[in-house]
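1. Starting from these lines, generate the structure:
(one chain, ligands or ions: 2)
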Amino acid sequence: EVKACLFDLDGVLVDTAKYHYIAWKELANDLGFQFTEQDNERLKGVSRVASLNILLEIGGLSFTEEEKEKLAEKKNNRYVEYISTMDSSEILPGSLDFLKDCRAHGIKVALGSASKNAMMILNNTGLTSYFDAIIDGTHTSVAKPDPEVFLLGAKALETAPEHCVVFEDAEAGIEAAIRAGMVSVGIGSPETLAAANVVIPSLQQMNVARLRESFAS
Ligand code: B16
Ligand code: MG
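-> Numbering: from 1, shown residues only. Ligands and ions are numbered 1, 2, ... in the order given. Predicted coordinates for the structure are as follows:
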C-alpha cells in the first residue's frame with residue numbers, strides 16, 4: 001500500500017538542469033575548455049563535488065582540494081544567481097496537480113534532493129507548502145546512489161520504506177530508492193531508467209489512482 005511519495009527536485013518537479021549546465025559551462029570556459037550539453041548529462045543527480053570532478057576530468061585538468069573548493073564556490077555563486085529569479089512558471093507540467101492529488105488522498109509528501117539550494121528553489125517556485133518533510137543536500141552526508149536521502153525522508157514522514165514511492169529522473173536516484181527498499185517511478189526514458197518499477201515521460205502521466213494501480217499489493 002502506498003502511504004508516502006518522495007520526490008527528487010531537479011528533473012522531476014523543476015528543470016534546474018539548464019541552469020546547472022550554464023554555470024558549469026561558464027566555469028569550463030574560464031578554465032579554457034568546452035563543455036557540451038551531452039557532457040552535462042553525466043552531472044544529473046550527482047553531487048556538486050562529484051560534478052566538479054567529472055568536469056575537470058573532461059577538461060583533463062587537476063587541482064588541489066583547496067582550489068577545487070574555490071571552483072565549486074564560483075560555479076555555485078553563478079548558479080544561485082540564475083535560480084534566484086525562478087518562479088512558478090518553471091514548475092514542470094503535471095507536478096503541481098500530482099502534489100495536490102497526493103495531499104487530497106492523505107498520501108504524505110517529502111523532498112529527497114541532492115541539492116544544497118533546494119530551499120531557495122522551492123520557495124521561489126511556491127512549492128514549499130506542499131511538503132510534509134524536506135530532505136536536501138544540507139541534511140545528507142553521502143550522495144545518491146546511497147539511500148540516505150530517502151531513508152531520512154521516510155523517517156521524517158514516519159513511514160516504513162515499503163510504503164514509500166520514489167520519483168526520480170536520474171539512474172543514481174533509482175538505485176538509491178532500490179537500496180532504501182522502496183519502489184520507484186522513473187521520470188524520463190525507459191532506456192536510462194530501466195531499473196525503475198515504472199517509467200513515465202513526466203508527472204503529467206501520473207495521478208493517485210494510477211499510482212495505486214501500479215503498486216497495488
Ligand atoms: P547543488 P536533485 C541535484 O539535484 C542535481 O540534479 C545535480 O545536477 C546537482 O549537482 C546536485 O543536485 C547538487 O546541487 O550544487 O545545488 O547543491 O536532482 O537531486 O534534485
Ligand atoms: Mg534529479
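2. Break down the chain into its helices, ranges please.
-> With DSSP state H, the ranges of helices along the chain come out as 17-30, 37-40, 48-59, 65-83, 95-104, 118-125, 148-156, 171-179, 208-214.
3. Dump those to a markdown table, plus mean neighbour count and distance to residue 132.
-> Just so you know, the C-beta spots here come from the backbone N, C-alpha and C atoms, and that holds for glycine as well. Putting the helices of the chain into a markdown table (neighbours: other CB atoms under 10 Å; distance: least, CB to CB, whole Å) gives the following:
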| stretch | mean neighbour count | distance to residue 132 |
| --- | --- | --- |
| helix 17-30 | 18 | 26 |
| helix 37-40 | 13 | 32 |
| helix 48-59 | 17 | 26 |
| helix 65-83 | 14 | 23 |
| helix 95-104 | 18 | 9 |
| helix 118-125 | 19 | 13 |
| helix 148-156 | 23 | 8 |
| helix 171-179 | 23 | 18 |
| helix 208-214 | 15 | 16 |
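4. Out of those helices, which is closest to ligand 2?
-> Of all the helices of the chain, helix 171-179 sits nearest to ligand 2, with 5.9 Å by CB to the ion.
5. so what secondary structure elements neighbour the closest one?
-> helix 148-156, strand 164-168, strand 183-187 (3 or more CB pairs under 8 Å, 6 or more residues apart in numbering; DSSP states H and E).
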